[in-house]
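Undergrad: compute the structure for the input listed below.
(chains A and B)
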Amino acid sequence: MVTGSAVSAGIVLSHLSKSYGTVRAVRDVDLMIAPGETVALLGPNGAGKSTTIDMILGLSRPDSGSVSLFGMSPAEAVAAGVVGGMLQTGSLIEHLTVRELVDMVASLYPRPLKVDDALQLAGAGEFAGRPTTKLSGGQAQRVRFAVAMVANPDLLLLDEPTAALDVEGRREFWASMRAVAARGTTVIFATHYLEEADAFADRIVLLTRGRVVADGPATEVKARVGGKTIRATLPLAGLAQLAALPGVLSADRHGDTVILAASNAETALRALLTEFADIQDIEVRGAGLEEAFLELTADGDDVSAPEEALR
Amino acid sequence: MSSTYVRYEILRNIRNWRFVIFAVLWPLTLYFIVGGTNRHAAFEGTAFPLYFMAAMTAVGTMTGVVAGGARIAVERQAGWTRQLRITPMRARSYFSAKLLCGYLMALLTIVVLCLSGTILGVRLSAGAWATLIGLVLVGLIPFAVMGILFGHLLNSDSLTPAVGGLTTVFALLGGAYGFEIATSGVMHDVIKGLPSYWLVQAGKTALGGGTWPAEGWLVIAAWTAVLVPLAVLAYRRDTGRA
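TA: Predicted coordinates:
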């Protein structure tokens, strides 16, 4: 848990809300992030990840609620040069080499990294002399990462940083990111890949339809959303009894059918078959992330919108 | 404003060959072709090489500052302006850098064309040169603002035709291509209401040793006064800042 002084020094989002027309993109989001933490904002498209990141960066203004970055407003923190960001929609400007571009951006910050250090950290050193327009997708992404890192930020925000990358590119990107996190930089990144969030973040904040539906250590959240759903016909079993079975997270009932969210389907099935001899029609399904998100949000009356509408 | 940042902005402009062609090479070539063949002619009481020198300077610098500002459209579309908004650089510095670069490029055009003018026999006193250059720099203000306005209204597809078309119309009507659409009547009054007319007139004015009449200053001021709030409005609409 974060201490009182760390709260004032870290990142605090309180009752953050933002609507675009009738779409409530972010709803009453409360988060406290301690300095040095690496946090994944995990959620499907339209969950409000980008909107949240834009508000943290001061690129869009919340309808209500507030953002505090190390005790400063987003505008103050940006002006102080303590924030670095890799936005989702960002291509590189032309007529410059990679090194020149990073140097140009570095000149805007009060205490930037050395250009070569930033290039190296981002794995862009090899093609530093190449024009920004003559790069592969993966290389351009590394340059954007170097642009964010040359700020030498205390807080780094990454909005779906690996969206345009192939598997190999992803692996390399996260290897670079580990080096950044090791420097003590607070990192917040948005992703819709559970594996990425789990592999890289200390903590996962699960967003669905603009709301935080789970927040905790990566392993815990992964167990909740990365598990299996077991359905079976079992008229007489009590829900409390089912939920208490090993490997079962929660239990629900629709008529004669029970629906169990299992963190460990094998253990749960073994226990089910042992304790309930009359169990029938067993169905085990890998809860897809999308599905898991939907199950975690009880209310179905929300306006959900494609991500495009939220940008 | 960071000088390193401005240096790279200038570098980007110079490396943009399209920009260099339209802002420098095109008026320079026209100047030698048309000005060279009419070397001893007079136009409206002014030696043609002088008139056309000012006219081609107007064309090149106008294109330069409008296109320079309008490049914002490309940076906006690429998401680069959003990236810059999360740096400590203020919006004001971003625009200042763009304006400064536009003006430095304009200065390059001015120097190149004035040197060419001397090759074709233009002789002015030091004071007249200074007045000429000074008037061109002032006359460019509304065009520089127009560039920034375009930068927020256009996208990169409509950019080139819009900038090319509009500067050509301004140049043609302003008399930059060596003929005036109308020398009297309502049309002439309309033309005298254009900032490009006064840019072109800078050469003739400088020869006389004076500056623009009050009318000229008024036209430049009025266009600037109208365009600045429009550019601010377009910027705010674009970034969602109230």
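
Undergrad: the closest residue to chain B within the stretch 101-250 of chain A and B:Leu84, how far apart?
TA: As assessed by CB to the nearest CB, chain B sits closest to A:Ser107 within the stretch 101-250 of chain A, at 3.5 Å. (Each C-beta comes from the backbone N, C-alpha and C, glycine too.) When distance is defined by CB to CB, to the nearest Å, A:Ser107 is 12 Å away from B:Leu84.

Undergrad: likewise B:Ala41?
TA: 50 Å.

Undergrad: between the two, which is the more surrounded one?
TA: The residue with more neighbours, out of B:Ala41 and B:Leu84, is B:Leu84; 19 against 13, by other CB atoms under 10 Å in any protein chain shown.

Undergrad: which stretches of chain B form helices?
TA: Along chain B, the stretches classed as helices by DSSP state H are B:3-15, B:17-20, B:26-30, B:36-37, B:48-77, B:80-85, B:91-119, B:126-139, B:141-153, B:156-174, B:185-192, B:195-207, B:214-239.

Undergrad: now for residue 87: which residues touch it?
TA: I went with chain A, as the question did not name one. Contact analysis of A:Leu87 by CB atoms under 8 Å, 6 or more residues apart in numbering or on different chains lists A:Ile53, A:Leu59, A:Asp159, B:Gly79, B:Arg82, B:Gln83, B:Ile86.

Undergrad: think we crossed wires, I meant chain B
TA: Contacts of B:Thr87 (CB under 8 Å, 6+ apart): A:Val78, A:Gly81, A:Val105, A:Leu108, A:Tyr109, A:Ala151.

Undergrad: what residues does the most centrally placed residue in chain B make contact with?
TA: With distances taken as CA atoms, centre = their mean, B:Met62 lies nearest the centre of chain B, 2.0 Å away. B:Met62 makes contacts with B:Leu140, B:Phe143, B:Thr167, B:Phe170, B:Ala171, B:Ser196, B:Leu199, as judged by CB under 8 Å, 6+ apart.

Undergrad: same thing but 6 Å
TA: B:Phe143, B:Thr167 (CB atoms under 6 Å, 6 or more residues apart in numbering or on different chains).

Undergrad: that one and B:Val136, how far apart?
TA: On the measure of CB to CB, B:Met62 and B:Val136 end up 10 Å apart.

Undergrad: and what of B:Trp17?
TA: Distance from B:Trp17 to B:Val136, by CB to CB: 24 Å.

Undergrad: same check, this time on B:Ile21
TA: The gap separating B:Ile21 from B:Val136 is 20 Å, by CB to CB.

Undergrad: tell me which of these two has more neighbours.
TA: Between B:Ile21 and B:Val136, counted using other CB under 10 Å, B:Val136 has the larger neighbour count: 26 against 13.

Undergrad: grab the nearest non-local neighbour of the more buried one.
TA: Leaving out its chain neighbours, the residue that sits closest to B:Val136 by CB to CB, 6 or more residues apart in numbering or on different chains is B:Ala202, at 5.2 Å.

Undergrad: try B:Val138
TA: B:Ile220 (6.3 Å).

Undergrad: just B:Ala234 next, same as before
TA: In this structure, B:Ala234 finds its nearest non-sequential neighbour in B:His152, 3.7 Å apart by CB to CB, 6+ apart.
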